[in-house]
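*Asks:* Need a 3D model of the following:
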Amino acid sequence: MKLASVVSDIMGLSSRDMLEAMVDGETDPEKLAGFARRTMKKKKEELELALRGNMSSHQLSSYFQRDYTFDDAP
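*Replies:* The predicted structure follows:
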């Protein structure tokens, strides 16, 4: 998966929605790209290509543990 090669902010809402869907078990790149918002919608085909590939549940869980730690910081 190479989401960061397409999106400008990997911590942005669209990216986080895609990653959360992946944690929940979604693997279809077309469905995942459907979470794109605003200007990212124009990159749907690029997103679908970037979202092909595998990321283990452990990798995704690690991302979210680290991400939520930043969200909870004062």
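*Asks:* Leaving out sequence neighbours, find the closest residue to residue 35.
*Replies:* Nearest non-adjacent residue to residue 35, counting by Cβ to Cβ, 6 or more residues apart in numbering: residue 17, 4.0 Å away. Where C-beta positions appear, they are placed from N, C-alpha and C, glycine not excepted.
*Asks:* How many residues are close by that neighbour?
*Replies:* Close neighbours of residue 17, defined as other Cβ atoms under 10 Å, add up to 15.
*Asks:* can you offset everything so residue one is 769?
*Replies:* Understood, numbering begins at 769; the last thing we discussed is residue 785.
*Asks:* Moving C-terminal from the helix or strand where it lies, which element do we reach first?
*Replies:* Element membership for residue 785 (DSSP states H and E) is helix 781-791. Next along the chain after helix 781-791, taking DSSP H and E as the criterion, comes helix 797-801.
*Asks:* Understood, closing this out.
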